[in-house]
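1. based on what follows, work out the 3D shape:
(4 chains)
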2 protein chains.
Amino acid sequence: MNAEEILKLHVSKTTTLSDEQYGYFFSHFKQLSFKKGQAIISEGDKVEHEYFVLDGCLKSFYINDEVKMFILQFAMPTWWASDYNALYNGTRATINVDCITNAEVLSLSNSAREKLCKEIHEVEYFFRWRTNKGYAAAQKKILSSMNKDTRHRYEELMEQYPELYNIVPKHLIAAYLGVSRETLSRLYHP
Amino acid sequence: MNAEEILKLHVSKTTTLSDEQYGYFFSHFKQLSFKKGQAIISEGDKVEHEYFVLDGCLKSFYINDEVKMFILQFAMPTWWASDYNALYNGTRATINVDCITNAEVLSLSNSAREKLCKEIHEVEYFFRWRTNKGYAAAQKKILSSMNKDTRHRYEELMEQYPELYNIVPKHLIAAYLGVSRETLSRLYHP
DNA sequence: CTTCAACTGTGATCTATGTCACATAATTGC
DNA sequence: GCAATTATGTGACATAGATCACAGTTGAAG
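-> Residues are numbered from 1 along each chain as shown, chains lettered A, B, ... in the order given. Purely as a prediction, here's the structure:
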């Protein structure tokens, strides 16, 4: 399946666009290839785009003053990633996004999204819906981190995204769960 | 300021509606009064509405199997609250919402929101924008909880919402920060 | 005004997790 | 194919925070 079809399938799950509308919509995206380890957004950057993952796996993460990494999200195919705070507010990036594996993505600029939302009511619906999903997922993550112990959160993650087990090194999983790599290791090597 | 004016001011910060459009928009809201301690949404309820706070303070929270409470959000005037997961997906509530103080709210049903979004493009823009804000706030909360110690998170909260200090009992603040009331108490009484 | 419930403070433990240190294994680049 | 990273396992110890127990304090309702 090519990029145009993958995105179309994704959009059509919630939104109805005519072929003409979809063609116009898709024309605003640019396809990009990245190598494993390559940065897409780095702290301090001007953030002008968001990214739709076609293939591969990205991570969005924050590095604190003690140079410790905290992973907000792994982005698998059909997921979106960016520093949305910076993107919406026109501020500099505080979140980084880079590639855990080689990746194919579609980029969409903030201005193109806003233009499309203005021009096509259905597109605005689509992006509202998408953010709703993101918001619900974020809430769930907050509750899960307050409520459940590390083992539970690890198993929840593995159950929901088994692909991660093979693709993502354990210390990154630990950084996602918010524990040290040693703690995660000891969970299954007591 | 009355309910209609408060909501109008809130909406007009991001969105331009004609007086006629706004009147129509507002006609879909219902004003409700609640007493301190009263429940608005309880676990297991069918969730059909979201709530815009005019006056007072709500909390949205989760109770786990050990009957421990975790607060997701305090909702102050001009904030929105509901169990959005349940609201969007038509599932039963897992999140509770109740009143920390007496409260005046405007309720909007899910179906009315969707109808308004369909009918008035600008309204769809408003709700997309609103969820964007919520999403950004949720991300910030996730990072903050992974990254900062309890004292930092407490001070951040107090700095951003000083009103809470007088209105909200400390054990609820602790439930928001995800620590025990004893730990929070000891922060400032060592 | 008084009575009961909700809220807050504080000591004595216990426990999960962090940190540091080092060893080994697996990947990647050349 | 080998060297150099990068990833993982594991012991010893430190520590933030949980839990339990109880006392004092405030506040709301009759």
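
2. so where's chain A uncertain?
-> Judged by pLDDT under 70, chain A has no weakly predicted residues.

3. show me what the top helix by length along it is packed up against.
-> Selection of the longest helix in chain A by residue count, based on DSSP state H, yields helix A:121-147. In terms of contacts (3 or more C-beta pairs under 8 Å, 6 or more residues apart in numbering or on different chains; DSSP states H and E), helix A:121-147 is packed against helix A:19-26, helix A:110-119, helix A:150-160, strand B:69-75, helix B:84-89, helix B:121-147. (Glycine included, C-beta is placed from N, CA and C.)

4. and the third one with DNA strand C, contact?
-> It refers to helix A:150-160. Yes - between helix A:150-160 and DNA strand C, judged by C-beta under 7 Å from any atom of the strand, the touching residues are A:150-151.

5. and that helix with strand A:69-75, angle?
-> Orientation of helix A:150-160 against strand A:69-75 (axes from the mean of the first three to the mean of the last three C-alpha atoms, to 10 degrees) gives an angle of 20 degrees.

6. for helix A:150-160, buried residues please.
-> Residues of helix A:150-160 classed as buried: A:150, A:153-154, A:157 (neighbour count, 16 or more other C-beta atoms under 10 Å in any protein chain shown).

7. what does it contact?
-> Counting by C-beta atoms under 8 Å, 6 or more residues apart in numbering or on different chains, helix A:150-160 makes contact with A:144-145, A:148, A:164-165, A:173, A:176-177, A:179, A:183-184, A:187, all of which sit outside it.

8. if we use 10 Å, what do you get?
-> Residues from elsewhere that reach helix A:150-160, judged by C-beta atoms under 10 Å, 6 or more residues apart in numbering or on different chains: A:74, A:140-141, A:144-145, A:147-148, A:164-165, A:168, A:170, A:173-174, A:176-180, A:183-184, A:186-188.

9. likewise for the fifth one?
-> Outside helix B:84-89, the residues within contact range by C-beta under 10 Å, 6+ apart are A:129, A:132-133, A:135-137, A:139-140, A:143, B:41, B:43-50, B:60, B:82-83, B:91-95, B:109-110, B:113-114, B:131, B:134.

10. out of the helices and strands packed on helix A:121-147, flag the one nearest A:Glu66.
-> Comparison of those against A:Glu66 by C-beta to C-beta identifies helix B:121-147 as nearest, at 9.5 Å.

11. next, see if that closest one gets close to DNA strand D.
-> No - under the criterion of C-beta under 7 Å from any atom of the strand, helix B:121-147 makes no contact with DNA strand D; the nearest approach is 10.2 Å.

12. just stretch A:176-190 next, same as before
-> Yes - applying C-beta under 7 Å from any atom of the strand, one finds stretch A:176-190 in contact with DNA strand D at A:181-182, A:185-186, A:188-189.

13. which ones among those residues lie within strands?
-> With strands defined by DSSP state E, no entry of these lies inside them.

14. going by neighbour count, which of the residues you listed comes out on top?
-> In terms of neighbours by other C-beta atoms under 10 Å in any protein chain shown, the residues of stretch A:176-190 next to DNA strand D top out with A:Arg181 at 14 neighbours.

15. quick one: that one and A:Ala174 touch, right?
-> Yes - the pair A:Arg181 / A:Ala174 is scored as a contact, 4.4 Å apart, by C-beta atoms under 10 Å.

16. neighbours around the nearest residue in space to A:Asn147 that is not next to it in sequence, how many?
-> Taking C-beta to C-beta, 6 or more residues apart in numbering or on different chains, and ignoring the residues beside it in sequence, A:Asn147 has B:Asn64 as its nearest neighbour in space, at 5.2 Å. Other residues within reach of B:Asn64 by the criterion other C-beta under 10 Å amount to 12.

17. likewise for A:Arg92?
-> 12.

18. hey, what's it bridged with?
-> With DSSP bridges as the criterion, A:Arg92 is bridged to A:Lys46.

19. surely it touches A:Glu48?
-> No - counting by C-beta under 10 Å, A:Arg92 sits too far from A:Glu48 to count as a contact (11.5 Å).

20. residue of chain A closest to DNA strand D, please.
-> Across chain A, no residue is closer to DNA strand D than A:His189, which sits at 2.8 Å (C-beta to the nearest atom of the strand).
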